[in-house]
Every structure is written in structure tokens, then in C-alpha cells.
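[1] Task: produce atomic coordinates for the following.
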Amino acid sequence: MEPYYYSKLTKQQQTVCHAMLQGITELADSFLVPKTEGKELADLFFRLRLDHPEIFWASGFHYKYYQDSPNLIFEPEYMFEKSKIKEQQKAMAARLEKLARPAMKLSEWEKEKYIHDFICENVRYDKLKKSYSHEIIGPLGQGVGVCEGIAKAVKALCDRLGIWCIIAICGNNPQKGIKYRHTWNIVKIGGTYYHLDATFDNTLGKHGLLEGGIRYDYFNLDDRAVFRDHEPLIAPAPPCTDGEHFYYKEKKLSFTKMEEVYKRASQAAKKGKPLTFHWRGGYLTREVLEELVETMKQAGAQREKTARIALNWPQAVIRLTYVDGNTKSSVTVDEANEGELEQENEGKEGTYWNDAI
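    Numbers count the residues shown, from 1 in each chain. Now for the predicted structure:
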């Protein structure tokens, strides 16, 4: 497909991007691009790297210009020596081929899940935010990444598997303690656009308090749902209007009645397996949460088990596990955006909320 951000540019801007892509791909020390104001040039370089996560070695640039020249001299900054870049290129190409091969014959939705699950199972968030963690070589080569690198890795794998995918990016919000921009993906499955945030699901799944495997709280959300806890986009993106194919709805784990919660909680207590579900029986107010918690407590009490509950409040997703014995139940409010919060808040596994239990 035509690169998404490139398609939104003017012909002049596209010419600049084409020149940058060609020069960077050739590992040139410098090359000419049509004369462009510095701020616009930085924006075009930024968008180019969103469209092309495979050019992981280009980390920045300088430029020179002469007063009467129609061109700029563009001088890219490379993350590695050229010989090292060529080694990394071969390694990444082989890595992408190896990862994509088992999923080639899957459906679009299955390919999307395969990519999401790979990230959640094999990548950990890099709180030191090393430079390579912002590129595909972090998640795909080192098993670490920040949201930018993870979103780029998702796009690179989607591109390899023939799934339409772009990188979405929102601003920071210091008033909320969100220090960094956040990056995720928009995919097109069955001709419809959805938000996919593998970083947030990765964070939730890595919380040590409640084991239970991969989370899908941010798998195929619509705009209304994702912007409950994501800041507004700073680059244009297609609208995502379909809320009916959210993962938990697809898997019949989206409940509207307390009776459904009690039934499935009882099954979880009996089998000794965790239950993750979405509540859509009205707004998840404190009062509704108290009723849900009481329902889950009662389901466990029938088998002399105690509820341990982790809550993703903005998305109304609850993970429930039971432990043997009649002790005090607990509710943990998880932070999915752990990596983008201010440093002093990072690393927490959640905050406890017990006063109503």
C-alpha cells in the first residue's frame, strides 16, 4: 500500500520525503533535498519514519543551505557505523522473515492476534528508554522496547504479513503526569479500522500481582473507547467507528448482567483458572464496581476461595483470580500506561482500593 502519512502530503513534500528515503536507504553521508523550512523538514522526517519503521538506523539529521540554492544539503545521523548497519539490516530482514513465516496462511484477524501475542510474550518495557528501544531492533532484536519501538515492530510485522497498519501518535499531558508522547497502531481488519495498543496490553499482562496470561484490553477498540485513556492524536488518522469487534466482545467475554458475571466467576473458581472480562452493563461507577466485587466474592465463597481482582477502570476490564481460603478480597487498579507516566510513578504494579470491600 502507499505509505499513509506520505499520501497526505503535498507533491513538494512528497518529493522531499522521497529524497530522504532514497539517501538514507543508500546510507549516504549527505544528499540534496528541495529547500524546506527547518521545522517542516523535521516533521517530514518524523512522518517518514512512521511510514518506514524498517529504516531503524536513521536517528536524526542536520542540514546546510546556501542563500540562492533551491536545495538543502541533508546530513542524516546514523545510530551505528555503516558496516554495523548492514549487519543489522540482514539480521532484521531474517528476523522478520522467521517471525512472519508461521502466520502467512492465517486470516487477517489471526495474523493481528499473532503479532499482538508475540509482543506481549516476548518484549518487556525498557524503562531506561535506550535509543534502540525506539526502533524495531529493540523489540525484535533485543526483546525490549518503548511504545514507539513496539508500535514500529507491530507495523513492520503487519507490513510483512500484508495487514494494513499505521502508527498512531498522541501528545503528552504533564497535568495528568503523562511525560511522554504515546504511540500505538491502527489496523484495518475486514475492511474496518481499529485501534491496537500492544504496549498497554503488554504492561497489563506483565503485572505480577495477578497471573493469567496475555491481556486484550486494547485489541480492536473504536475511537470512543481508546480515547478514554489516550490523549488526542497529533497526526491525522482514519476514524475507527466500529466498537462491535473489540476482543472481549468477539470472545463472548463482555457481560451486561450480574448473573453472567456470577456464572462465569463460579466456573473460574471451580476450574482454578483466571477470568478476564469486559463490563458493559452501564457505566462502571464505584457503586457498580462494589456490586461486581460482591458478586465475585460470593461466587468464590461457594468454594471457599477468595477473590483477587485487577481492574482496568477506563476500559471497564476486570481480571479475576481466586486463591484458596476465606481471606480478605482485594481490588487492584492497574495502570496500563505505566511507561508514559512521570518517572516517580513508573514501576508500580497498581494501586489498591479496599475500603469498600
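
[2] Let's see the distance spanning stretch 122-130 from one end to the other.
    Using CA to CA, to the nearest Å, the end-to-end distance of stretch 122-130 comes to 18 Å.

[3] Name the residues of it that are buried.
    Taking 16 or more other CB atoms under 10 Å as the basis for neighbour counts, the residues of stretch 122-130 that come out buried are 123, 125, 126, 129. C-beta coordinates here come from the backbone N, C-alpha and C atoms, glycine included.

[4] so where is this structure shaky, pLDDT-wise?
    With pLDDT under 70 as the threshold, the chain has low-confidence stretches at 177-179, 207-212, 338-357.

[5] In it, which helix is the longest?
    Longest helix in the chain, counting residues (DSSP state H): helix 82-100.

[6] hang on, the earlier thing: out of the buried residues of stretch 122-130, who's nearest residue 267?
    Each of the buried residues of stretch 122-130 was checked against residue 267 using CB to CB; the closest is residue 123, at 31.5 Å.

[7] you'd agree the closest one is up against residue 133?
    No - counting by CB atoms under 8 Å, residue 123 sits too far from residue 133 to count as a contact (9.6 Å).

[8] Now do the shared contacts for those two.
    Contact criterion CB atoms under 8 Å, 6 or more residues apart in numbering; residues bridging residue 123 and residue 133 by contacting each: 139, 144, 145.

[9] Report the contact partners of the last one.
    I take that to be residue 145. 123, 125, 126, 133, 134, 138, 139, 153.

[10] What backbone torsions are found at it?
    Recorded main-chain torsions at residue 145 are phi -170, psi 160, according to degrees, to the nearest 10.

[11] list the contacts for residue 48?
    For residue 48, the set of contacting residues under the criterion of CB under 8 Å, 6+ apart consists of 5, 6, 17, 20, 21, 55.

[12] for residue 311, same thing?
    289, 317, 318, 319, 331, 332, 333, 334, 353.

[13] cutoff 6 Å now
    Taking CB atoms under 6 Å, 6 or more residues apart in numbering as the criterion, residue 311 is in contact with 318, 331, 333.

[14] Strands - which of these land there?
    If you go by DSSP state E, the contacts of residue 311 have 318, 331, 333 in strands.

[15] The first one: neighbouring residues, count only.
    Applying other CB atoms under 10 Å, we find 24 residues neighbouring residue 318.

[16] For it, name its beta-bridge partners.
    On DSSP bridges, the residues paired with residue 318 through beta bridges are residue 277, residue 311.

[17] So what does residue 37 have for phi and psi?
    Torsion angles, degrees, to the nearest 10, at residue 37: phi -60, psi 140.

[18] residues near it, how many?
    Residues within reach of residue 37, counting by other CB under 10 Å, total 9.

[19] roughly how far apart are it and residue 74?
    Per CB to CB, to the nearest Å, residue 37 is found 14 Å from residue 74.

[20] Write a PyMOL command that selects only the buried members of the contacts of residue 48.
    When burial is assessed using 16+ other CB under 10 Å, the buried subset of the contacts of residue 48 is captured in PyMOL by this command:
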select buried, resi 5+6+17+20+21+55
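
[21] Redo the contacts of residue 48 as JSON lines? Include distance to residue 218 and secondary structure.
    Putting the contacts of residue 48 into JSON lines (distance: CB to CB, whole Å; DSSP: H, G, I helix; E, B strand; the rest coil) gives the following:
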{"residue": "5", "distance to residue 218": "22", "secondary structure": "helix"}
{"residue": "6", "distance to residue 218": "26", "secondary structure": "helix"}
{"residue": "17", "distance to residue 218": "30", "secondary structure": "helix"}
{"residue": "20", "distance to residue 218": "32", "secondary structure": "helix"}
{"residue": "21", "distance to residue 218": "30", "secondary structure": "helix"}
{"residue": "55", "distance to residue 218": "27", "secondary structure": "coil"}
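
[22] so which of the contacts of residue 48 would you say is closest to residue 227?
    Looking at those and their distance to residue 227, the nearest is residue 5, at 20.3 Å (CB to CB).

[23] Now do the same contact list for that closest one.
    Contact analysis of residue 5 by CB under 6 Å, 6+ apart lists 47, 50, 51.

[24] So for the helix or strand encompassing residue 266, what gets flagged as buried?
    Under the assignment given by DSSP states H and E, the secondary-structure element containing residue 266 is helix 258-271. Neighbour counts using 16+ other CB under 10 Å place 258, 260, 261, 262, 264, 265, 266, 268, 269 of helix 258-271 among the buried residues.

[25] wait, which of the residues you listed is closest to residue 243?
    Relative to residue 243, and with distances defined as CB to CB, the nearest of the buried residues of helix 258-271 is residue 260, at 19.0 Å.
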